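> Any chance you can model this:
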Amino acid sequence: MPGYQFSKDAKFVVLDIVDGQERGEAPTYGSGQAMVSALKEDLMKHGYSVTSIPSKELADGFKEADRLGFAYVAKGGFTYWEDNATAWSGNPDRTHLDVPPRPPPAPGY
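The predicted model follows:
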């Protein structure tokens, strides 16, 4: 979310992320939860309150955010996955992840 500025007291609900999958291959089991954990950890390093829920649906995220008084819902998804990690190549995996935040509610909401 380069360049986007959150308030110091921003609070996030992070939705589940579907496991990454290289074209023509099976999903990489656990990669979605690894990204949820990494996203939560990164947000918490910046001092934000974060929780996650076991749902991929925005409506569920909005409901939980409203219940907790949180302003942001993050729904991530792998936009690219290239599995290069092999013992002989020494090449790292490559992935791109998109996480558009829910905008804060309008004043008086």
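
> Could you tell me how far the residue nearest the centre of the chain is located from residue 18?
Among the residues of the chain, the one closest to the centroid is residue 76, at 4.0 Å (Cα atoms, centre = their mean). To residue 18, residue 76 is 9 Å away according to Cβ to Cβ, to the nearest Å. All C-beta atoms are positioned from the backbone trio N, CA, C, and that covers glycine.

> Hmm, the residue nearest to the centre of the chain is touching residue 34, no?
No: the criterion here is Cβ atoms under 8 Å, and residue 76 misses it with residue 34 at 11.3 Å.

> May I see the buried residues of the longest helix along the chain?
The longest helix of the chain (DSSP state H) is helix 31-45. For helix 31-45, a neighbour-count test (16 or more other Cβ atoms under 10 Å) marks 31-32, 35-36, 39-40, 43 as buried.

> List just the nearest of those residues to residue 24.
Comparing those against residue 24 with Cβ to Cβ picks out residue 31 as the nearest, at 16.3 Å.

> Let me know the secondary structure of the nearest residue to the closest one once chain neighbours are set aside.
Leaving aside its chain neighbours, residue 31 sits nearest to residue 20 (4.3 Å; criterion: Cβ to Cβ, 6 or more residues apart in numbering). Following DSSP: H, G, I helix; E, B strand; the rest coil, we place residue 20 in the coil state.

> doesn't residue 26 make contact with residue 20?
No: the criterion here is Cβ under 8 Å, and residue 20 misses it with residue 26 at 10.7 Å.

> rewinding a little: kindly point out the strands partnered with the helix or strand that the longest helix of the chain is followed by and how each is oriented relative to it.
Using DSSP states H and E, the helix or strand that follows helix 31-45 in sequence is strand 49-53. Taking DSSP bridges as the criterion, strand 49-53 sits next to strand 11-15 (parallel) in its sheet.

> avg pLDDT for the partner strand?
Taken as a whole, strand 11-15 carries a mean pLDDT of 93.
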